[in-house]
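1. Give me a model of this one.
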Amino acid sequence: MAIVHKRSKRKKTGGLYNKQRKRKKADFGSDFIPVKIAETKIKQIRALGANIKNRILRTNKANVIDPATGKSQVVEIKSVLENRANPNFVRMNIITKGATIETELGNAKIISRPGQHGSVNAVLVKK
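-> Okay, here's the model as predicted:
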């Protein structure tokens, strides 16, 4: 079944709204695709206007920024330590925005949306 981001069919009173128009491609959303820790795999998706989105499916690298020095490095991801989106994601090593990961440099917090941006960007967290 398609995921549609449109106005509800029902009013607060329970009655039906009159249909304004048909569904358009711009109204459709997409399913959640979990980003796991493994060898990098990227899938390209056609977006509106013939644009291309890089959707990352698996990765074991992250661009980590050190706020003290302002420098960034590409480092290996060891595991997911915390994920506020869903506590079960920690057990399954699923990376989402806001998750805390363990890297070679230390703990880092994800600041990008891996499923949308096609890369994992993170900031080092002081202990």
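2. Low-confidence stretches in this protein?
-> Scanning the chain for pLDDT under 70 picks out 127.
3. Pull out the buried positions in the longest strand seen in the chain.
-> In the chain, with assignment by DSSP state E, the single longest strand is strand 72-82. Buried residues in strand 72-82, counted by 16 or more other Cβ atoms under 10 Å: 75, 77, 80. Backbone N, C-alpha and C define where each C-beta goes, glycine included.
4. Repeat that for stretch 37-55.
-> So for stretch 37-55, counting by 16+ other Cβ under 10 Å, buried means 37, 55.
5. contact partners of it?
-> 25-26, 33, 56-61, 77, 79-80, 93, 95, 115-119 (Cβ atoms under 8 Å, 6 or more residues apart in numbering).
6. cutoff 10 Å now
-> With Cβ atoms under 10 Å, 6 or more residues apart in numbering as the contact definition, stretch 37-55 has outside contacts at 24-26, 28, 30, 33, 35, 56-62, 76-80, 92-95, 101, 114-120.
7. how far does it stretch from start to finish?
-> 14 Å (Cα to Cα, to the nearest Å).
8. just the helices in the protein please.
-> Assigned by DSSP state H, the chain shows helices spanning 88-92, 114-117.
9. mind putting these in CSV, mean neighbour count included?
-> Listed next are those as CSV, based on neighbours: other Cβ atoms under 10 Å:
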stretch, mean neighbour count
helix 88-92, 13
helix 114-117, 18
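10. what about those, which gets the closest to residue 125?
-> When the helices of the chain are compared by Cβ to Cβ, helix 88-92 sits nearest residue 125, at 15.6 Å.
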